[in-house]
Structures are given as structure tokens and as C-alpha cells.
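K.L.:
Attaching a predicted model along with its sequence, questions to come.
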Amino acid sequence: MDFELIQQTVPVLARGLLTTAVLTVVSVLIGFNLGLGLALMRLSENRFLAAFARYYSMAFRGTPLLVQLFLFYYGLAQLPFVRGNAIAWWVIGDATRCAVMALALNTAAYTSEILRGGLMSIPAGLKEAAKAGGMSPLLRFRRIEFPLAIRQALPAYGNELVLVVKGTSLASTITVLEITGYAKRLMSQTYAIFEIFAIAGAIYLVINLILIALVRTLERHLMRHEGR
């Protein structure tokens, strides 16, 4: 292995860390809130809302993220009403913003299923007790249902966060220069495929190990009273 090449490669790939972090954080923030809304819609007694959330989840979980990226970035740009709408074009016309949108909509579908499972795991008796105690639906959700659902869903949601980090690598296919984007550029310049992508893979591994450690720390914090 060429150690001089490694010394030159690491700083270049490190430039993509910020873009990868932005893609991950923004898409997760948007996706979590959308996913929570979709989970509540799935559990709603309104058949229209429940059906919308179900078919949304089926569409985004049933198609590859790469296909979704291409449809949003290359496909929507061909539609006249998108080109004529300032807000839509502001999103679609920039590769990074388009990647964030695709990642957010994709993770929202998976997050909705994870949170729905967490919400469904809450004992009905606990809900009835809170209702009998005079809690309003919003207060009951904020103080009882949502915290308990998060505790149940956190292990699965931690896996989803890892998948989002790995999914950011696909943004390079629509010209976003994150870690993989810089790796592809270096590869075309040096042809050192193994060294460059081994380093890129190691960077992703470190990011995900840190993320997993943070999720486990949060999980232990939320479960700290379980054994008492």
C-alpha cells in the first residue's frame, strides 16, 4: 500500500465529511418529523389518512433510493410546472438540496414503520389509565406515549440512522461531492481504486461506530430505571 498516497487521500476525503454530515443531519431531522406524522396517520381512525401513509410507506420502501434520487434530480426537472415553480426549482435545481429531500422522504417511510411499531407496543391499559386521570390526548402523547414509543423503537431506529449515513454515498451519483464523491474524483486521477475506497470505507465505518455508540448510550440512559 502506498502510504504517500494515503497521506494525500485522507485530507481530500475529509473535505466530504461536512457534506456527508449535513446530508445526514438535515435529512434525519426532516425524516423523523415526517415519519412521526406518518406513523400517527397510520394509527388514525381516518381511513384516508391511514391509506395515504400506508401507500407512501410502500412506495418509498419498495423502490431503491438510487432510483428515487434519479427521479427527483433528473426526472422532476423535466416537468414544466416544477421548472416554473420557484420553490420546487430551488430544491430540485441544487444537487445537495435534492439529495437531502430524497434521503428525508426515504427515511421518513422507514421511520414511520419503526415509530408505528413503538406506538403500538404501548399497553392499552396504560393509555386508559392516563385518559381516566384526565390527561388530554396531546398531554398523554407527550408525556406517556411518545417517550415509551421512543424507548421501544430506539434500537431499530439506530439501524436506520446507520443506513442513512451509508445512503448519503449515493448522492455522489447526482454530482454531490461528499466522501464517495471525492473518492470517485481521486480514483479518476490516480487509478488507485483499492487504497482510496478502502480509506473511504474506513471513514464511513468510524462514523457509524460513533453513531452506534451514541445510540447505545442514549438507550442505556432511557432504560436506566428498568432494573430498579
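P.N.:
Yep, that arrived.
K.L.:
From here on, just use CA atoms for contacts and neighbour counts.
P.N.:
OK.
K.L.:
Contacts for the lowest-mean-pLDDT helix or strand in the chain next, please.
P.N.:
Using mean pLDDT, DSSP states H and E, the weakest-scoring helix or strand in the chain turns out to be helix 124-132, at a mean of 79. When contacts are defined by CA atoms under 8 Å, 6 or more residues apart in numbering, helix 124-132 is touched by residues Pro137, Arg140, Glu145.
K.L.:
Tell me who's in contact with Leu65.
P.N.:
By CA under 8 Å, 6+ apart, Leu65 lies in contact with Ala102, Leu103, Asn106, Gly167.
K.L.:
cutoff 7 Å now
P.N.:
Residues counted as contacts of Leu65 (CA atoms under 7 Å, 6 or more residues apart in numbering) are Asn106.
K.L.:
Can you pull the poorly scored residue ranges out of this structure?
P.N.:
By pLDDT under 70, the weakly predicted segments of the chain are 1-2, 225-228.
K.L.:
mind checking the longest helix of it?
P.N.:
As assigned by DSSP state H, the longest helix anywhere in the chain is helix 3-42.
K.L.:
list the helices and strands that one packs on?
P.N.:
Judged by 3 or more CA pairs under 7 Å, 6 or more residues apart in numbering; DSSP states H and E, helix 3-42 is in contact with helix 47-61, helix 95-120, helix 179-190.
K.L.:
at 10 Å instead, please
P.N.:
helix 47-61, helix 95-120, helix 146-167, helix 179-190, helix 193-222 (3 or more CA pairs under 10 Å, 6 or more residues apart in numbering; DSSP states H and E).
K.L.:
highest average neighbour count across these?
P.N.:
Across the helices and strands packed on helix 3-42, the average number of neighbours (mean count of other CA atoms under 10 Å) peaks for helix 95-120, which reaches a mean of 24.
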